[in-house]
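>>> what's the 3D shape of this:
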Amino acid sequence: MKDITRDIELFLRRADFAVRIEGRKVLSDLTVTPPQFTALQFIVKEKDKPISIGELSRSMCLAFSTVTDLIDRMEKLGYVERQKDEKDKRVIRIVPLEKGEAVLDQVVDHRVDFVESVIEGHYTKEEKETLREELKKLSELLKESKEKKENK
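Residues are numbered from 1 along each chain as shown. Prediction:
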């Protein structure tokens, strides 16, 4: 049974790598580095409750100073802006700007088109729906497991 799980992990890693590499083709045209894009994903995901530099640093597993430099460059490019936390003025929150969200949308749209072009003709509509549901289920299980470990 462990062999099956090892294969699943390997295939997920390979698929993720292929999609990321394809997305980087768009990034190079947009003057966005891969770490900036990764940060942008976290920032946009949390736009309703903006993320602090410390939270972003922990999420990306990067030093606070590294993330601060990253945000400096992204702010100069017009992708994000810093805002003081309303409750604690010592905390700086990172808010995505329209230009940053547009970059994220452009790269994700390109990735979606890439995946669609690869799977089109190889999966029926029902197989695509099943694949989507199974990947969603796995994603949710992995997220729950991560949260349980973090809360211990």
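
>>> how much space between Lys2 and Val91?
44 Å (C-beta to C-beta, to the nearest Å). C-beta: built from backbone N, CA, C; applies to glycine.

>>> Please identify the buried residues of stretch 54-71?
Buried residues in stretch 54-71, counting neighbours by 16 or more other C-beta atoms under 10 Å, are found at 55-57, 59-60, 62, 67, 70-71.

>>> which stretch of helix or strand covers the residue nearest the centre of the chain?
In the chain, the centroid-proximal residue (C-alpha atoms, centre = their mean) is Gln41; its distance is 4.1 Å. Taking DSSP states H and E as the criterion, Gln41 maps to helix 34-45.

>>> Put the alpha carbons of the host helix or strand of Ile71 into PDB.
According to DSSP H and E, Ile71 maps onto helix 64-76. Extracted C-alpha coordinates of helix 64-76, given in PDB (Å, rounded to 0.1, in the frame of the first residue of the first chain):
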ATOM      1  CA  PHE A  64      11.300  38.200   8.000                       C
ATOM      2  CA  SER A  65      14.000  40.400   6.400                       C
ATOM      3  CA  THR A  66      13.800  38.500   3.100                       C
ATOM      4  CA  VAL A  67      10.000  38.900   3.000                       C
ATOM      5  CA  THR A  68      10.400  42.600   3.800                       C
ATOM      6  CA  ASP A  69      12.700  43.100   0.900                       C
ATOM      7  CA  LEU A  70      10.300  41.100  -1.300                       C
ATOM      8  CA  ILE A  71       7.400  43.300  -0.300                       C
ATOM      9  CA  ASP A  72       9.500  46.500  -0.900                       C
ATOM     10  CA  ARG A  73      10.100  45.400  -4.500                       C
ATOM     11  CA  MET A  74       6.500  44.400  -5.000                       C
ATOM     12  CA  GLU A  75       5.300  47.700  -3.600                       C
ATOM     13  CA  LYS A  76       7.500  49.600  -6.000                       C
END
